[in-house]
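K.L.:
what follows is a protein structure lacking sequence information:
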């Protein structure tokens, strides 16, 4: 392989990684919104926390 070909391949590899890092997210997670806390503590005496 010639040196210009190696340099070109390295530049394409790095630019592809940079564009993937800084591109818009392509995650396909569902929109769940805010999840409320609906549990209570099992401890009865909370004065020991302070």
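P.N.:
Sure, I can see it. Computed from a predicted structure; not experimentally measured. Numbers count the residues shown, from 1 in each chain.
K.L.:
so what's the backbone phi/psi at residue 15?
P.N.:
phi -70, psi -30 (degrees, to the nearest 10).
K.L.:
and it, how far from residue 21?
P.N.:
11 Å (C-beta to C-beta, to the nearest Å). All C-beta spots, glycine's among them, are computed from the backbone N, C-alpha and C.
K.L.:
higher neighbour count, those two?
P.N.:
Legend: neighbour count by other C-beta atoms under 10 Å for residue 15 and residue 21, higher for residue 15 (10 against 7).
K.L.:
can you give me the helices for the chain?
P.N.:
With DSSP state H as the criterion, the chain has helices at 3-21.
K.L.:
remind me which residues of it are low pLDDT?
P.N.:
40-50 (pLDDT under 70).
K.L.:
tell me which residue is most central in the protein.
P.N.:
Centroid-nearest residue in the chain: residue 25, 9.0 Å away (criterion: C-alpha atoms, centre = their mean).
K.L.:
please report how far that residue lies from residue 16.
P.N.:
Remark: distance between residue 25 and residue 16 (C-beta to C-beta) = 17 Å.
K.L.:
cool, and residue 34?
P.N.:
Residue 34 is 36 Å from residue 16, by C-beta to C-beta.
K.L.:
comparing these two, which shows the higher neighbour count?
P.N.:
Set residue 34 next to residue 16 and count neighbours by other C-beta under 10 Å: residue 16 wins out with 10 against 4.
K.L.:
if I look at that one, how far off is residue 5?
P.N.:
Separation of residue 16 from residue 5 (C-beta to C-beta): 16 Å.
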